[in-house]
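Visitor: Could you work out the structure for the sequence below:
(one chain, ligands or ions: 1)
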Amino acid sequence: MITLENLSFEKSGKQLVQDVSANFEKGKMHLILGPNGAGKSTLIKLISGELKPSNGTVLMDEKNLHHISIKEQAKIRAVLSQNIELSFPLDVSQVVLMGRFPHYEGSPNSLDMRICEESMKLFRVDEMRDRNYLTLSGGEKQRVQFARVFAQIWQPVQGKSRLLLLDEPLTFLDVFYQYDLMDKIREFMVENPDLTVLGVVHDLNIAAKYSDTIMLLKNSKVFAKGASDDVLNEKNIYEVFGVVVENKFEIK
Ligand SMILES: Nc1ncnc2c1ncn2[C@@H]1O[C@H](COP(=O)(O)OP(=O)(O)OP(=O)(O)O)[C@@H](O)[C@H]1O
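Guide: Sure thing, here's the model as predicted:
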């Protein structure tokens, strides 16, 4: 679904992403891990088109991302970035409706409204629909953002596959919601097999439990990539993060 060919990004003479190549298969959850400053967010921004690579190419369904209009991209690809701040007071339902903007001209139709309702219910924010978004807690805001991005990619688009890009989506969430959200993404993927999820996480247990593949980034380069079980081993974790992992604990 997403192919990266020798992707590099340089800023102020510094290589933030160096020569990254990968193939992220459709319908799978691909998680990117690495230490602070390794280049994970920069890589997500290159894949979302927010940044233009200094070298290399991002292919989406074999088409160069930069040959797909922003409007077309927005119908099939949603991005949940770190620290989304709004500086104006919107109700929760209006924030979620922003996810439907790429799908309508003028005003939303009944389908757009129904999708927002369902997405708000899925992420348990429907009861706060009339609350001012700015007054929500960090975790509540994050769940509203989940409802917004899922509203954006809620339905299949004929002849195309959908992509969800997540940059540290679990920040601010308590442990219940971290696992709840990951379960929900997984359940949604079962019913929507054309959806590919590509995300950055920091929690090794979450990564081991939910990912199909892992990419480990270190010093702006790929250190290891492949099936989760192969990549998330003690040796790689030690070499990338400098910590010794003895026991994995799992929350069921
Ligand atoms: N616009 C910029 N100009 C200069 N340096 C930048 C810029 N954006 C990011 N960097 C630097 O590039 C490196 C990679 O940043 P990036 O945000 O991709 O890291 P990350 O792996 O996502 O880190 P974290 O886990 O801390 O979020 C960091 O050292 C960062 O300070």
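
Visitor: can you tell me how far residue 51 sits from the ligand?
Guide: 9 Å (CB to the nearest ligand atom, to the nearest Å). Quick note: C-beta positions are derived from backbone N, CA and C, even for glycine.

Visitor: before we move on, what about residue 27?
Guide: Distance from residue 27 to the ligand, by CB to the nearest ligand atom: 25 Å.

Visitor: Got phi/psi on that residue?
Guide: Backbone geometry at residue 27, expressed as degrees, to the nearest 10, gives phi 80, psi 10.

Visitor: my read: it touches residue 194, true?
Guide: Yes: distance between residue 27 and residue 194: 6.7 Å, which falls inside the contact criterion (CB atoms under 8 Å).

Visitor: do stretch 156-175 and the ligand meet at all?
Guide: No: using CB under 6 Å from any ligand atom, stretch 156-175 stays clear of the ligand, with a minimum separation of 6.5 Å.

Visitor: mean confidence for that stretch?
Guide: Mean pLDDT, stretch 156-175: 91.

Visitor: Next, the buried residues of it.
Guide: By neighbour count on 16 or more other CB atoms under 10 Å, the buried set for stretch 156-175 is 160-170, 172-173.

Visitor: Most widely separated two among those residues?
Guide: 160 and 172 (31.5 Å; CB to CB).

Visitor: re the thing from before, just the buried residues of stretch 156-175 now: which is nearest residue 88?
Guide: residue 172 (20.6 Å).

Visitor: For the closest one, give me its contacts.
Guide: Neighbour list for residue 172: 137-139, 141-142 [criterion: CB atoms under 8 Å, 6 or more residues apart in numbering].

Visitor: State the distance from it to residue 136.
Guide: Going from residue 172 to residue 136 by CB to CB, to the nearest Å gives 10 Å.

Visitor: Helix or strand: which one has residue 41?
Guide: If you go by DSSP states H and E, residue 41 is part of helix 40-48.

Visitor: Give me the mean pLDDT for that helix.
Guide: Per-residue scores along helix 40-48 average to 96.

Visitor: how far is that helix from where the chain is centred?
Guide: From the chain centre to the centre of helix 40-48 is a distance of 10 Å (CA atoms, centre = their mean, to the nearest Å).

Visitor: Return the alpha-carbon coordinates of that helix using PDB.
Guide: Output of helix 40-48 as PDB, limited to C-alpha atoms (Å, rounded to 0.1, in the frame of the first residue of the first chain):
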ATOM      1  CA  LYS A  40       9.900   9.000  13.600                       C
ATOM      2  CA  SER A  41       7.700  12.000  13.400                       C
ATOM      3  CA  THR A  42       9.700  13.400  10.500                       C
ATOM      4  CA  LEU A  43       9.100  10.000   8.700                       C
ATOM      5  CA  ILE A  44       5.300  10.200   9.300                       C
ATOM      6  CA  LYS A  45       5.300  13.800   8.000                       C
ATOM      7  CA  LEU A  46       7.100  12.600   4.800                       C
ATOM      8  CA  ILE A  47       4.500   9.900   4.400                       C
ATOM      9  CA  SER A  48       1.600  12.200   5.000                       C
END
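
Visitor: just checking, what packs against it?
Guide: Applying 3 or more CB pairs under 8 Å, 6 or more residues apart in numbering; DSSP states H and E, we find helix 40-48 packed against strand 2-11, strand 14-24, strand 29-33, strand 77-80, strand 162-167, strand 195-200.

Visitor: Out of these, the one nearest residue 130 is which?
Guide: Of all the helices and strands packed on helix 40-48, strand 77-80 sits nearest to residue 130, with 22.9 Å by CB to CB.

Visitor: got a list of contacts for the helix or strand that the closest one is followed by?
Guide: As assigned by DSSP H and E, the chain's next helix or strand after strand 77-80 is helix 92-97. For helix 92-97, contacts defined as CB under 8 Å, 6+ apart pick out 86, 108, 112-113, 116, 119-120, 125, 128-131, 133, 136, 144-145, 147-148, 151.
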